[in-house]
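In: I'll drop the sequence and a predicted model, then ask my questions.
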Amino acid sequence: MGCFMNLLWLLLGGIFTAVEYLISSLLMMITIIGIPFGMQTLKLAGLALWPFGKEVRNGSRSSGCLYILMNVIWIFVGGIWICLSHLLFGAMLCITIIGIPFGLQHFKLAALALSPFGKDIITV
């Protein structure tokens, strides 16, 4: 069932979201300062490509002032807008019964987009 939902996700727009994250990740990695942010955007691209059957959890190394600082910078640079767009798409998809599973995946992406540093994506 998860494989079918992931394929349906890809056909209905997940591939475009993943490609946008991939392109922005490559652009961020041009500079040395942008490499950590580009790596987090790659994490978002991977989850946007195949979201069903995966969970976002706090990593074992997620404590510390560096992760907090990087998440604050991420939020001010654009993470809040990414999060709000996923929340909007999730709310629109949850209006219909058929779109609820896809809306829940957008909510999962929104949570990761708000603070990606110190989070791990695991397969369940």
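Out: Happy to help now that I have it. Residues are numbered from 1 along each chain as shown.
In: Could you list the low-pLDDT ranges of this structure?
Out: Across the chain, the ranges flagged by pLDDT under 70 are 62-63.
In: ok, which stretches of it are helices?
Out: Counting by DSSP state H, one finds helices in the chain at the ranges 2-9, 15-28, 35-49, 65-74, 80-93, 100-114.
In: Of those, which is nearest residue 57?
Out: Nearest of the helices of the chain to residue 57, taken as Cβ to Cβ: helix 100-114 at 10.4 Å. (Glycine included, C-beta is placed from N, CA and C.)
In: can you state the direction angle for that closest one and helix 15-28?
Out: Taking axes from the mean of the first three to the mean of the last three Cα atoms, to 10 degrees, helix 100-114 and helix 15-28 form an angle of 10 degrees between their directions.
In: Output the contacting helices and strands for helix 100-114.
Out: Under the contact definition 3 or more Cβ pairs under 8 Å, 6 or more residues apart in numbering; DSSP states H and E, helix 100-114 sits against helix 2-9, helix 35-49, strand 54-58, helix 80-93.
In: Out of the helices of the chain, which gets nearest to residue 124?
Out: Among the helices of the chain, helix 2-9 comes nearest to residue 124, with 9.3 Å by Cβ to Cβ.
In: List the buried residues in the closest one.
Out: Residues 5, 6, 9 are the ones in helix 2-9 that count as buried (16 or more other Cβ atoms under 10 Å).
In: In contact with the second one: list those residues for me.
Out: Pointing back at residue 6 there. By Cβ atoms under 8 Å, 6 or more residues apart in numbering, the residues touching residue 6 are 14, 50, 51, 52, 53.
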